[in-house]
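A.B. asks: fold the following for me, if possible:
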Amino acid sequence: MDDELSNEELILSFLAEGGEDYVSGAVLSDKLGLSRTAVWKHVEQLRRLGYRIEAQASRGYRLLEVPDRLTELEMGPLLTTRELGRTLHHYDTLESTNLKAFELAHEGGAHGEVVVAEHQTAGKGRRGRSWVAPAGHGLTLSLILRPEIPPARAPELTLLAAVALAETLADSGVEAGIKWPNDVLVNGRKVAGILTELSADVERVHFVVLGIGVNLNVAPEDFPEALAATATSVLAEKGSPVHRALFAAVLLGKLESWVERWSEQGFAPVREAWKQKSITLGQTVLVKADGRELRGVAQDIDEAGALLLRVDDRVERVLSGDVEQLRA
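C.D. replies: Numbering: from 1, shown residues only. Just a heads-up that it's a prediction; the model follows:
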């Protein structure tokens with residue numbers, strides 16, 4: 001972060017602390033060690049970025065409205081993490097946050113760096129499907145992780161992220177369930193998805209890019225016709241919009257907590273939390289995987305996160321695939 005951005009962040013912090021009261025230009029000047037003119041220039045820059053700041057000659061400045069964006073200015077003061085999100089790469093438009101995070105990781109991007117975009121033009125889900133993210137209405141975020149694990153353990157992170165997502169949605173007033181392996185649903189409709197990609201050799205993971213897409217403030221009529229019956233949003237479910245920067249900050253906090261616990265205790269606690277929020281287990285499902293279809297009852301996930309499917313008199317272990325819940 002450069003000096004100018006640091007000063008603007010400090011001004012926002014002081015104005016936010018002031019609440020509905022005015023903060024005088026003299027106070028800001030003294031706290032920042034800047035001239036009154038320099039303070040005014042920073043306020044003007046914040047206004048250009050979408051912050052509504054009222055100014056009165058005899059009273060000072062007052063913050064009236066914060067733009068619904070996901071830059072460091074909005075997210076930084078809300079973060080409770082030590083590493084995740086502390087380096088934030090924000091873009092108005094990207095092809096794909098996962099693609100950009102992968103590039104940054106190859107260039108040495110550190111554990112915890114985050115790429116976030118207001119809009120992505122070529123986002124993708126599992127198996128190359130497109131991910132629709134209306135500009136400024138959802139959360140499209142990719143996180144670089146550098147766990148010291150063998151490649152076989154990487155799928156555990158997908159289930160970990162699903163747990164953190166479901167918990168964050170619950171904190172936002174929406175009870176969600178997890179469909180194996182990577183979708184989060186509310187009332188049978190998809191509200192969020194996860195795409196985990198990695199760079200690894202035979203023995204170890206170099207890095208993991210954890211991509212998360214959440215429909216936050218998308219109105220039902222804004223979904224493409226092809227998704228209208230299968231997708232939903234937090235706005236549609238609770239009837240009121242979500243503060244996107246706060247949602248992202250809470251999600252990163254929960255992710256960091258779960259990653260630390262997973263690093264210390266292994267997959268077992270993640271597995272138990274995932275099972276409690278699962279809407280797949282105990283259901284009759286159709287699994288399409290590896291060019292074949294399996295119909296059976298989803299019994300459990302094993303110690304590696306694979307789905308255990310009872311098919312007639314045998315149990316099939318499914319590492320990946322599409323799951324469709326069937327009516328009884």
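A.B. asks: any low-confidence regions in the stretch 201-328 of the chain?
C.D. replies: Filtered on pLDDT under 70, the stretch 201-328 of the chain yields the residue ranges 328.
A.B. asks: which stretches of it form helices?
C.D. replies: Using DSSP state H, counting those that start in this stretch, the helices of the stretch 201-328 of the chain run over residues 234-238, 244-265, 268-277.
A.B. asks: list the contacts for L157?
C.D. replies: Taking Cβ atoms under 8 Å, 6 or more residues apart in numbering, we find L157 in contact with L145, P147, T196, V208, L210, V259, W262. Yep, even glycine has a C-beta here, placed from its N, CA and C like the rest.
A.B. asks: now it: how far from V116?
C.D. replies: 19 Å (Cβ to Cβ, to the nearest Å).
A.B. asks: what's the closest of the contacts of L157 to A161?
C.D. replies: Using Cβ to Cβ, L210 comes nearest to A161 of the contacts of L157, at 5.6 Å.
A.B. asks: I figured that closest one hits A164, correct?
C.D. replies: No - counting by Cβ atoms under 8 Å, L210 stays clear of A164, with 9.9 Å between them.
A.B. asks: which residues are common contacts for those two?
C.D. replies: L255.
A.B. asks: before we move on, the earlier item: right, so of the helices of the stretch 201-328 of the chain, which gets closest to G112?
C.D. replies: The nearest among the helices of the stretch 201-328 of the chain, by Cβ to Cβ, is helix 244-265 at 7.8 Å.
A.B. asks: what packs against the closest one?
C.D. replies: Counting by 3 or more Cβ pairs under 8 Å, 6 or more residues apart in numbering; DSSP states H and E, the packing neighbours recorded for helix 244-265 are helix 72-75, strand 139-145, helix 155-171, strand 205-214, helix 268-277.
A.B. asks: how far out from the middle of the chain is whichever helix or strand comes after the longest one?
C.D. replies: So that's helix 155-171. With elements assigned by DSSP states H and E, the helix or strand that comes after helix 155-171 is strand 177-179. Offset of strand 177-179 from its chain centre (Cα atoms, centre = their mean, to the nearest Å): 16 Å.
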